[in-house]
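**Student:** need a 3D model of the following:
(chains A and B)
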Amino acid sequence: MISLLNALPGAVAQGLIWGIMAIGVYITYRILDIADLTVDGSLCTGGAVCIMLMLGGQNVWVALLGALLAGMAAGLATGLLHTFMGIPAILAGILTQLGLYSINLKAMGKANQAINVDKFNLLVSLRFTKNVPFYKNSILIVAVMIIVLILILYWFFGTELGCSLRATGCNDKMARAQGINTDFNRVLGLMISNGLVALSGALLAQYQGFADINMGRGAIVIGLAAVIIGEAVFGKVFRNFGFRLLGVALGSIIYYLVMQFVIWLGIDTDLLKFLQAAVVAVFLAIPTWKERYFSKPVKKGGQN
Amino acid sequence: MLEVKKIYKTFNPGTVNEKQALRGLSLTLKDGDFVTVIGGNGAGKSTLLNAIAGTWQVDEGQIIIDGMDVTKLPEYKRAAFLGRVFQDPMNGTAATMGIEENLALALRRGHRRTLKSGIANSERKLYRDLLAKLNLGLENRLTSKVGLLSGGQRQALTLLMATLEKPKLLLLDEHTAALDPKTAAKVLETTETIVNQDHLTTLMITHNMKDAIHIGNRLIMMNEGQIIYDVAGEEKKQLKVEDLLHKFAEASGGELANDRMMLAK
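**Tutor:** Predicted structure coming up:
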């Protein structure tokens, strides 16, 4: 029991870091209605760029900015494959992801690059989750970052451009009829999403003290799990767009707490990815099952 | 206002599904013309509207709106000149967004979308006034999601969105076909009111021949990608449904093959 309690702050910190990634997934999956597999690659890109910039002597904030921009470039690549070259979104994401594997490897020079928390001024780390002054606590720092990011996104999706992006994902035929450049908006959405994912990767690499070529494997599944859990748990309470993003971040924390609990129960950790896939598959099936087996007779909406 | 010059469009060329949807069609609309379009299944009515709207590029020919050649312009750019209402009520609005958000999107048609707020507070009064005129009780539901509205309400809203920023040309693609008769009549009435009051140049496809005769100042009949009958003014007003059926049989050498149209007699 003590070991579980000891692991909790770490799980929360990790959940929050993945929460940023999950918000990125929410933007493509829920707002643009695209399942973007680029994230499996761009998460590592963020980590790699951040670690390499810091090892090269850059300030941590510069490194984070570099990761963000690299992620946006990855989103741009997927976006252009999808719109300009007409490749289906899922396939476009897979192509970028595959290409990024080489790029990430070249950026790091090898499959794994460690960074020493004692020698570098990291923003977040495993070590900073307990027994540190509160302002250095990773949980607090990432929580503040998430809130700032949610505020920025809340503002953006309320602007003329942001509204047109939501319309693009909701009904692109209508969007074009209203003069909205849907291709541009898709690319923009993919860039924002992957920028956030890479930022999350940068924080994750600092937190665990290394960037690894495989760190993004299955990231999309964790992101989707967080989105689904967030909606299932907070969907009824959080109606407002900003709160819904918060719900996604909280969903990510819940996910990591559950994972921690499962590990504490002593499950073979080799099986974790299988478990993740199975759980997310079931949750993704729920809307279909609901409709197929539990739907009520057709109801007429409105009075006309 | 609109000049369509000898446009051709073939779908799936070179395959067994090849379909010559438009065959050298030409059409000129004067400012303020309200033209109804009728024709059998596969006559090319919707294809004509889609060609004008730029859903895809035509194979040959030219499309000019208000003196500007838009033939090569992508759909979203042409939208600046066009108001559109589709047959399927689901197509014209964003279901997960609010009524006011949909209207705000439409108000910005033809303008650059910036980082200014998506809806200015001052717009809400305009929306409320316009919605009140529809008489559907939507004026007090500005923030309701459009997905909650009925088909008729959505079509009325789409019509409002299409004309909020006055279009040079209004394209109505059987916009009442998916509605029950009572609702259809109401939406049609709203259509006439808006078109008359804003003096809009309009192309309206309909399956109802009575409507086609009574509404607007000009009627065109299409068959196999061409206009086979074009009538305006007094002559149009004197038309009877039988005349149209006869005209069609004469021009095409066959029956007017549209099941819905038969019912609408």
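
**Student:** now do the helices in the stretch 51-200 of chain B.
**Tutor:** Along the stretch 51-200 of chain B, counting by DSSP state H, counting those that start in this stretch, helices occupy B:75-78, B:99-107, B:123-134, B:151-164, B:181-198.

**Student:** so which elements touch the third one?
**Tutor:** Other helices and strands packing on helix B:123-134, by 3 or more C-beta pairs under 8 Å, 6 or more residues apart in numbering or on different chains; DSSP states H and E, are helix B:99-107, helix B:151-164. Using the backbone N, CA and C atoms, a C-beta is placed for each residue, glycine as well.

**Student:** quick check: which of those helices is buried the most?
**Tutor:** Of all the helices and strands packed on helix B:123-134, helix B:151-164 carries the top mean neighbour count, a mean of 25, counting by mean count of other C-beta atoms under 10 Å in any protein chain shown.

**Student:** what's that helix packed up against?
**Tutor:** In terms of contacts (3+ C-beta pairs under 8 Å, 6+ apart), helix B:151-164 is packed against strand B:82-85, helix B:99-107, helix B:123-134, helix B:181-198.

**Student:** okay if I get the ones you listed as CSV plus mean pLDDT?
**Tutor:** Converted to CSV, the helices and strands packed on helix B:151-164 look like this (pLDDT from 0 to 100):
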stretch, mean pLDDT
strand B:82-85, 96
helix B:99-107, 96
helix B:123-134, 94
helix B:181-198, 93
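
**Student:** and among the ones you listed, the most buried is which?
**Tutor:** Compared across the helices and strands packed on helix B:151-164, strand B:82-85 shows the largest average neighbour count, a mean of 28 (mean count of other C-beta under 10 Å).

**Student:** check which helices and strands that strand sits against.
**Tutor:** Contacts defined by 3+ C-beta pairs under 8 Å, 6+ apart place strand B:82-85 against helix B:45-53, helix B:151-164, strand B:169-173.

**Student:** just put these in CSV and tack on mean pLDDT.
**Tutor:** Formatted as CSV, the helices and strands packed on strand B:82-85 follow (pLDDT from 0 to 100):
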stretch, mean pLDDT
helix B:45-53, 96
helix B:151-164, 95
strand B:169-173, 96
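
**Student:** could these be laid out in a markdown table, adding distance to B:Thr71?
**Tutor:** Formatted as a markdown table, these follow (distance: least, C-beta to C-beta, whole Å):
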| stretch | distance to B:Thr71 |
| --- | --- |
| helix B:45-53 | 9 |
| helix B:151-164 | 22 |
| strand B:169-173 | 15 |
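
**Student:** how about residues contacting stretch A:228-244?
**Tutor:** By C-beta atoms under 8 Å, 6 or more residues apart in numbering or on different chains, the surrounding residues in contact with stretch A:228-244 are A:22, A:26, A:150-151, A:153-154, A:157-158, A:246-252, A:254-255, A:280, A:283-284.

**Student:** tell me the residue of the stretch 1-150 of chain B that sits nearest chain A?
**Tutor:** B:Ser150 (3.1 Å; C-beta to the nearest C-beta).

**Student:** and the stretch 151-265 of chain B, by the same measure?
**Tutor:** Nearest residue of the stretch 151-265 of chain B to chain A, counting by C-beta to the nearest C-beta: B:Gly152, 3.9 Å away.

**Student:** my guess is that residue meets B:Thr183, correct?
**Tutor:** Yes. Assessed by C-beta atoms under 8 Å, B:Gly152 is found in contact with B:Thr183 at 3.6 Å.

**Student:** and chain A, which residues reach chain B?
**Tutor:** Residues of chain A found near chain B (C-beta under 8 Å from any C-beta of the partner chain) are A:156, A:158-164, A:166-167, A:170-171, A:173-182, A:300-304.

**Student:** please indicate which of those are buried?
**Tutor:** Taking 16 or more other C-beta atoms under 10 Å in any protein chain shown as the criterion, what is buried in these is A:158-164, A:166-167, A:170-171, A:173-182, A:304.

**Student:** tell me which residue is most central in chain B.
**Tutor:** For chain B, the residue nearest the mean C-alpha position is B:Leu172 (1.3 Å; C-alpha atoms, centre = their mean).

**Student:** which helix or strand contains A:Ala211?
**Tutor:** Per DSSP states H and E, A:Ala211 falls inside strand A:210-212.

**Student:** and that strand, what does it pack against?
**Tutor:** Packing partners of strand A:210-212 (3+ C-beta pairs under 8 Å, 6+ apart): helix A:39-55, strand A:112-114, helix A:182-208.

**Student:** any idea of the mean pLDDT for the longest one?
**Tutor:** The predicted model gives helix A:182-208 an average pLDDT of 97.

**Student:** what packs against that helix?
**Tutor:** Secondary-structure packing of helix A:182-208 (3+ C-beta pairs under 8 Å, 6+ apart): helix A:2-26, helix A:39-55, helix A:60-82, helix A:138-156, helix A:160-170, helix A:172-177, strand A:210-212.
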